[in-house]
Structure formats: structure tokens, C-alpha cells
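Need coordinates for the following:
(2 chains)
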Amino acid sequence: MFQLFHKTNIDWLGKRRFFIGISIMLMLAGMGTALYRHKFHPKGTDAFNLGVDFKGGTVVTVRFKNPPTAEEIRASIDQAGIKDAVIQPVLDRPGEFLIRLPQQAQTQATDQNQIGVDIGRALVHRALSKFGNEAAGDLNSDPNAAYKIEGTDAVSAVASAQLRTQAIAVTIAALIGMLIFIAFRFEWTYGAAAVIAVFHTVLVTLGLFSIFQIEINLTVIAALLTLVGFDVNDSIVIFDRIRENRKLYRRMNLYDVTNLSINQTLSRTVITSGLVFLSVVALVILGGETLRPFSLALLMGIVFGTYDTIAVAGPIMVWWERKLEAANRKATTAALARSPQSKSRGQSARKEAPSRAARV
Amino acid sequence: MKKRSLLQRSIVIAIVTIVGLYIVIGPHGRRPHLKDFTPSGIKATLAQNIHLGLDLKGGSHLVMRVRVEDYLKRLTEDSATAAQNAAKDAGFDIKEAHAETAGDYRVVLQAGDASKAQAIREAVQKKVELTDNAGWSFSASGDKLIWTLTGSAQRTLADNATEQALKIIETRINAIGVAEPTLQRRGGQNSHEILLQMPGIQDPEHVKQLLAGQSHLELVHVISPPSPAPVQTYATREEATASLNSGGNMPANRRVFPYIERAELANRAGQNATNPQKPTKWVVVESPAIIDGAELRTASAIQGRAGSDEYEIQFSLKKSGADKFGAWTGANINEYMGVVLNDEVKSIAYIKSQIFDQGEITGNFSKQSADDLALTLRSGALPAPIQYQEERTVGPSLGADSIRSGVRASVLGLALVVLFMLIYYRGAGINAVIALLLNMVLMIAGLILFGATLTLPGIAGMILTIGMAVDSNVLIFERIREELRSGKTVPSAIEQGFGHAFITIIDTHVTTIVSSLFLYVFGVGPIRGFAVTLVLGLLVNLFSAVYVSRTIFIWLVSRKGRRVESLSI
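Next up, the predicted model:
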């Protein structure tokens, strides 16, 4: 048998301070960067590099037969009176450029914003007419054409604000849905631990997106939500094992059971995450520029999602259960001391106490 | 017993596999030919069976919002005018009338005599729909009569306006012959958004113009001395307003419109290109209009003069409109009448004789613009202007590129996974590979069966399903290995391994399905496509990774007999 891990016996929970310290540092780094960028805008950046989906504005994809330089394109765009356009070559498709037009100034509220969304394509078309004609069909089969507008994405301020709220709402709703499901299948402390771990992964990933200024668009939100699913998966596999082991080893305390369960599922965790990681790497390399932010979000999420199951979800769950346990014991003794006469209550409390203790 | 269950299982798997494969590569809605099963035939049917989303196929995606607040505003303003006229017709003294449209929508009349408020209310409500039933709640304070549009009425009216806009847009889209358009309302009840997807249309400019085309046609009475005196026009808006002697305020029964006199008569020599536009003049017209575009029966573009490239629009009126128009024209011979399109006077003519149901709009139209205008007139006026919220277009080559890179990434991902499984789990790896391939086939079959569209995020969802599918196998195999290590026999290790892993697999699958459902319910476009493929993949996976894989193990064990001692895993 080819085996990745032979009987590992690592004291994972013993390293919890170290792990949680790393997690907090990662989160602080990301959030710190976001705050710093939000406040001081170094090199014109913002907290997050939001795409048109969330910021509004227009992106036009243009392919040229004889590609001019980005500078030449900018000159013609400037001449057409379009301000603050950003010209960006598409790396994996030579000859193609993305021309980004910001949301038009909102001096006249809705009407101005209407103009921004509606006529981006026409504006670019006019600006580029200096390079030649636009192809009606395929660029290569049209001998007289110089360029072709391959695609546009234009989103108004209103719509982008809607999408923003929606994205946040969906993420939070998905987290709550999972919390409820795990609480139903396990204990609510497990659910809370898993959800905190997932939240941590989402925050770290967003932090990295802020640090590296990777564009956040709708597909990135889809990726984040997938992460939520994958990450909770990992936690559930371990929690399942904990549940099973607690029945098997009734004498063992929660700390050791958790360590044992993490160790027992370690090869599964590493193999699965490794394989998903491989398919995501394939997506990063071959998925093309359109999907790049999506695949990068997944890549980061897989790494941190695997890490946080062991480093965050386990320790939080154990810590919480222990707190509850201590509180429970206190309550039981208090109840017993307070009302020795009231037998029924004392009994029920006593009944509860051993069952609780047996689980620890 | 074992043998029989193995047979049953094999039959189920065989049927599902064959049906799944046929759904994917077989032609639908017609009898298959032998030709369909050659490689090129399969490729052709595959392209037919899978609905590609706009991002892969190319096309335009437009989201527009109906500006219902404009609709309510106009409704309130029209009601204010009508209410004032109704009260005056009934012989009451009205000091002032206006519409409030900031925040709430209100019609306010100021009565000359506060004690007559109730009588005025009755007179107004007899003629104008400012009733409780129509959603207007009445209140009076001093000499003021106030009708306020209730919140629920606002919502109902706005909703109806959106529905009406949707219908009109549908008529226009069908009239220009867009192939396979998707037109639907988007978002909740109060979003007033309409989604339009047009596959294959790369440049939506013309369609956009047509859809947003405001064609609010009115036939109005122009305030002017009757013919043969020339029509009364003013050089500026201010001058026109001043002629009303109302201290700069616009009375509710008058409106001022620009009027651009047709210039082509002076330039018959065909110098249209350099044709200097005549200066805009202004005219005062009576409000409300005699009739408006709602009374149109049909409109069509015709050539103005034989051989010229000028077009005009001929229209005819419905019965109710023709009656009104006929009565008015009969009573106003020699008065001036104007054709107003979108708050601009297109032409003015005096009434020579009673007119019933025919009319024309002239004004320097090209063939294209006359056709477009006739179409927008025919389909009816939009109840409110529409505003574009999103415009996304994808050219076909961009889409083809995306398919290519998506497929490449999937194949590479799949190959890496297969390679690893075969090396790491050897014999059992074959199980996993069979399960994975079956998963892909059944997932695509599911997409086809539900008529779902495959989008770029959908492909990403498929790649992730590969990950989830392989996770189930890893869970099972690792568990079987553990059981073997703890000294169990092969059959019982398999039994225990599947048993334990199954609980975990259900738990993980359900959590992901729960979150995908949230994605589907709350998500928009691309996120939805992603959620659909993911859920489908997970459901299929329960069959392929658990049922099929287990059957293969049972078969292996039964082949080797009861005393099987080793398992390639």
C-alpha cells in the first residue's frame, strides 16, 4: 500500500496558539492593507479592486488586426474626449485590449449615469475609427476591417450597488444556512466553529485580493461561495470523525479525541485538498484571463480552507465545548446546593451531569 | 442473495449509463440514424443538445429598468390637469391646481370657496379617476383638496407599468425578428427590471435605440388665431410663456412645445446634407391633447414623394379615437392642429374639414428612422422611459476562446486526478476513474434534461465537481484502508468503509447543496449557472461514487470468492 501518512500522532491542538496567531496576522495584514488603501489610496488604488460588476462603468474588449501600442489607443481615446480611460492589453490573447471607462461623473444624477452605461460602446467605436473600420463579422475574414469590438460589459451605478449588496447578502445567507445545518446535525458549537473558520478563510482571501489588487467581480463571489462549501466540507469530515470516536473512546477527553480525529483523517484531508488544488491549478493556467480572478480566489481559498479546518475550527470547537462544560458543571453544583429539597430538579440536573460528562 | 443483488445493481447501472449516454450524444426529437454515431455526427448532436450561455455562444445581454417614478409623476400631473378642468367645467372656482411628485404623489386643488370642498370633490371624482378604489385617498384642509396616491396603489400601478413595458418591448423585439430572444422580468416585485438576452447579436446599438424609442404621439389643438391668419409662433420659450399672461406660471391647461419648421421645401435641389436647420420656434398648445398614441390602430412608413428618399408616417385611429377626433375636428374648422411626437411639434396644419381616422406625420425622416418610428408607434407607447442598467456583449470568437480554455482546463484537471488515483490506489483507482467519468456524463445529461444553459462559471462548477467527486472516493478508500489495517477481512472492511464514509459523504454533500441553494435563490445570472452545475454534480455523485463504486467492489469480492485476502487499494 502506497501511503502518504503512516499513523501520525501530532498534537495539533497543542499548537493552537501558534496557528491562531498566524491566522490573526494574516487577517490583520489583509484588513490593514484594505483600510490603508481605503484611506490613503496609494497609486490611486482602493481598498478592493472592484470590477465593473460592483463599481459600475464600462469595459470594452477590442481586437486589432495590426495592434497599435496602448499609448496610441489612449491618445485616440483622449482625443474623443473620454476621460480617465484605462487601456490594458489582454496577456493571453495578443492583439486584444481592454478599454475601461469609469462611471461618468454623477453631476446630473440618474441621467448622467444613464449615459455612462448606454453609450460606452458607441464612444469607443467613435474613438477607434481613426485606426480604420470595425469588422461586421469576423475580424480575420474582413479584409477592410482594422479592429473588432469583441465584447462589452457595462453596469450602471444603481445596478452595481445592487449587485454589491446582493453579493454580501448571499455570502452571509450561505454561512447562516450552513450554521443551521451543522447545528442540526452536530452541536451548535461545531457549527459556530466551522462557520468562524470559513469566515476567516473568506477574510484572508479578500485580504490577499486587496494586497495584490486582483479584480473582484461576480465570478469571484461565486468562488468565495464555493470556498465556503469546500471549507465546511473539511470541517465536517473531521467533526464526523470526532462524533464517531467519542462513542468509541468514552474515556478519552475531547482534546485527545479531536487530535486523534484530525490525525486519522489527515491523509484524506491532504489528498482531497491536493487533488482539488491540482484541478484549480489547471484552471489558473489554462482557464484564460476571464476566469483568472475566479481561479485565483479558489486557489487561495483551498490552501487556507485546508489549513483553517485544522488550525481554527478544531481549537475553537474544543475551547467552546470546554467553556460550556465548565459553565454546566457550575450550574449543576449551584442547582444542587441551592435546592436540596426540590428533588425533581436536583435529579434532572444530576441526570444531565453524567451524560454531559460522559461526552467529554 | 449476494449474486442477485449484484445482478440488480449491474442492471440499474447499465440502464442509467446507457440512458445518460444517449441523452448526451443522441439526437433529440427525431429518430437517430447510424450516421449520428460517427465522431462528426456526435459532435454535431452534442452542439445541438447543450444550450450554451451567451458568454460562450456570443450575443447581447441587456438589463433595463422601467422608470416607474416618471410614470407615476406623469399620471399625477395628468390627473391634476384633468381634475382642474373637471371642477371648472362643473362651474366651481378653482384658484390653483398643482401636482406634488417629490416623495409622495399628490394632486392638490385650491378652491375659491372652502365650504364647497365636498361638492368639488364629488364633481371631480365623477369625471376623473381620483377615487378610493383607484388608490387615491382624499383629505381636505381649509380650502385645499388633496388626493394622495397610497403606497399599495403606487406599487400596483408601477408593477402594471412594468408589465405593460414588457409586453411592448416583446412586440418590438418580435417585429425586428431577433432570433430566440429571452425576455423576462428580473429581480423582485419592486425592482421593475427587464432582462433581454439576444443570442448572436453582437452590436445591440440599433435594438437598444428601438426599444428605448419613446414615441409619445399626441394630436393637439394649437392656440392661434384661426386660418387664414398664419399660425401663431414665438421665437423663444419665454415669449411663448409670456403670451399666456399668467405671470410666468404655466396654467394646467396649456403647454409650450418647440416647433422646428420643415426646411426641405426650401432646399428641393437636394442639398439636404448641408441643409441649415431653420431656427426652432415655439408654440402654445391646449392640454390635454385631443387624442394620443393609445388611440392608434396602425402606423406605417411610406415614401413622401415618388423617387424621393424622404419618408413619412401614415397612421389610422381606432374607433374610439376616431369618434373623438371626428367630433373635435368637426367643431373646430379652420383652427390649427399639431402633431406632437415626444414633446416636439412635428407639423402644424389647419382643419379644412372634419377628419375621422386618418393622419400623417411628416418631418424629414429617412427610411430607417421612419420604419423605426412606425414600429414604435404601432407597438404602443412605453408607459415610462426605460433606462439601461447593464449591457454586456460577447463576440463569438471571445466565446469560442472561453469554451476552448474551459475544456482544456477540465481535461487537464481530470487527467491529473486520474493519474494520481491510479498511482495511489492502484486497483481501486480504476473504480474512482469509472465513477468520475460516469459522473461527468450524467452531469451533462442532467444539464441537457433540465434544459439548463452551460455558462463559463458552469464549466468552473464542473471542474469543482471533479474535486468533490474525487473527495468521496478518497474518503471511502481511506476508510477501507483503515479498516483493513485494523485487521478486518476484505469483505467486512469494504462494508464498514462504505458504511462509515457514507454518513460523512451525505453530510458534506448536503452542506454544499444547502449553500448552492442559497446561491441559486439569491444569486444572479452567472452565479446561478454555477450553482446549478454544482448541485447536479453532487446529486449525480451520490450515485456514481457510492453506488457504482460499491458495486464494483462487490463484484471483485464475489469473483474472488469468500476467502479473498487482499485488495488492491
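
Read off the pLDDT value for A:I180.
On the pLDDT scale, A:I180 is placed at 86.

Not counting sequence-adjacent ones, nearest residue to it?
A:G191 (7.4 Å; CB to CB, 6 or more residues apart in numbering or on different chains). The way it works is simple: take the backbone N, C-alpha and C, and place the C-beta from them, glycine included.

Could you list the low-pLDDT ranges of the chain?
In the absence of a named chain, this looks at chain A. Applying pLDDT under 70 to chain A flags the ranges A:1-2, A:104-118, A:339-360.

think we crossed wires, I meant chain B
Flagging of chain B using pLDDT under 70 yields the residue ranges B:1-3, B:189, B:246-249, B:252, B:261-278, B:306, B:363-364, B:524-526, B:561-565.

Neighbours of the residue nearest to A:I180, how many?
Number of residues near A:G191 (other CB atoms under 10 Å in any protein chain shown) recorded here: 23.

so what's it up against?
By CB atoms under 8 Å, 6 or more residues apart in numbering or on different chains, the contact set of A:G191 is A:M178, A:L179, A:I180, A:F181, A:I182, A:A183.

May I ask which helix or strand encompasses it?
Taking DSSP states H and E as the criterion, the element that holds A:G191 is helix A:188-212.

cool, and B:S353?
Per DSSP H and E, there is no helix or strand for B:S353.

isn't it right up against B:N334?
No: taking CB atoms under 8 Å as the definition, B:S353 is not a contact partner of B:N334, at 10.0 Å.

Pull up the residues of the stretch 251-400 of chain B that are close to chain A.
Selection of the stretch 251-400 of chain B residues close to chain A by CB under 8 Å from any CB of the partner chain yields B:Q387, B:Y388, B:Q389, B:E390, B:E391, B:R392, B:T393, B:V394, B:G395, B:P396, B:S397, B:L398.

Count the residues that sit near the first one.
Read that as B:Q387. Neighbours of B:Q387 under the rule other CB under 10 Å: 23.

for it, helix, strand, or coil?
Put simply, B:Q387 is strand when judged by DSSP: H, G, I helix; E, B strand; the rest coil.

B:Q8 belongs to a helix?
Yes: under three-state DSSP, B:Q8 falls within a helix.

any idea how far it lies from B:I554?
B:Q8 sits 11 Å away from B:I554, going by CB to CB, to the nearest Å.

Neighbour count: the two, which is higher?
More neighbours surround B:I554 than the other of B:Q8 and B:I554, with 20 against 11 (other CB under 10 Å).

For the helix or strand where that one lies, which outside residues touch it?
In the assignment (DSSP H and E), B:I554 maps to helix B:549-560. Outside helix B:549-560, the residues that touch it by CB under 8 Å, 6+ apart are B:2-3, B:5-6, B:9-10, B:13, B:427-428, B:430-432, B:434-435, B:473, B:476, B:490-491, B:494, B:498, B:564, B:567.

and with 10 Å instead?
B:2-3, B:5-6, B:8-10, B:12-13, B:427-428, B:430-432, B:434-435, B:438, B:472-473, B:476-477, B:480, B:489-491, B:493-495, B:497-498, B:502, B:543, B:564, B:566-569 (CB atoms under 10 Å, 6 or more residues apart in numbering or on different chains).

what's the angle between the longest helix along chain B and helix B:549-560?
If you go by DSSP state H, chain B has its longest helix at helix B:396-449. Relative orientation of helix B:396-449 versus helix B:549-560 (axes from the mean of the first three to the mean of the last three CA atoms, to 10 degrees): 60 degrees.

from the middle of its chain, how far away would helix B:396-449 be?
35 Å (CA atoms, centre = their mean, to the nearest Å).

higher neighbour count, B:S353 and B:N334?
Each of B:S353 and B:N334 has its neighbours counted (other CB under 10 Å); B:N334 has more, 13 against 8.

just the helices in the stretch 451-569 of chain B please.
Under the criterion DSSP state H, counting those that start in this stretch, the stretch 451-569 of chain B contains helices at B:456-485, B:490-522, B:525-541, B:549-560.

tally of neighbours for A:G287?
Around A:G287 there are 29 other residues, counting by other CB under 10 Å.

Mind checking what secondary structure the residue nearest the centre of chain B has?
In chain B, the C-alpha nearest the mean C-alpha coordinate belongs to B:L195, at 2.2 Å (CA atoms, centre = their mean). Look at B:L195: counting by three-state DSSP, its state is strand.

List the beta-bridge partners for the closest residue to it other than its chain neighbours.
With sequence-adjacent residues excluded and distances taken as CB to CB, 6+ apart, B:L195 is closest to B:R186, at 4.2 Å. With beta bridges defined as DSSP bridges, B:R186 has these partners: B:E193.

now B:W136
Beta-bridge partners for B:W136, by DSSP bridges, are B:L149.

wouldn't it be in contact with B:Y105 here?
Yes: the criterion here is CB atoms under 10 Å, and B:W136 meets it with B:Y105 at 9.0 Å.

Residues that sit against both of those two, list them.
The contact sets of B:W136 and B:Y105 overlap at B:T76, B:S79, B:W147, B:T148, B:L149, B:T150, B:A153 (CB under 10 Å, 6+ apart).

quick one: which of the residues you listed is most hemmed in?
Compared across these, B:W147 has the highest neighbour count, 28 neighbours, by other CB under 10 Å.

Please give me every residue in contact with that one.
By CB under 10 Å, 6+ apart, the contact list for B:W147 reads B:76, B:79-80, B:83, B:99, B:105-109, B:121, B:124-125, B:128, B:130-132, B:134-140.

before we move on, what about B:R297?
Contacts for B:R297 (CB under 10 Å, 6+ apart) come out as B:F315, B:S316, B:L317, B:K318, B:K319, B:G321, B:A322, B:D357, B:R378.

Could I have the buried ones of these as ChimeraX selection syntax?
Paste this into ChimeraX to select the buried members of the contacts of B:R297, with burial taken from 16 or more other CB atoms under 10 Å in any protein chain shown:
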select /B:315,317,321,322,357,378
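
Can you tell me which of the contacts of B:R297 is nearest A:L248?
B:R378 (77.6 Å; CB to CB).

Secondary structure element holding the closest residue to that closest one other than its chain neighbours?
Excluding the flanking residues, the one nearest B:R378 by CB to CB, 6+ apart is B:A299, at 5.1 Å. If you go by DSSP H and E, B:A299 is part of strand B:296-303.

mind listing what that strand pairs with, with the direction of each?
strand B:311-317 (antiparallel).

buried stuff in the helix or strand following the partner strand?
Going down the chain from strand B:311-317, the next helix or strand is helix B:319-331, by DSSP H and E. Residues of helix B:319-331 classed as buried: B:G321, B:A322, B:K324, B:F325, B:W328, B:T329 (neighbour count, 16+ other CB under 10 Å).

Appreciated, that's everything.
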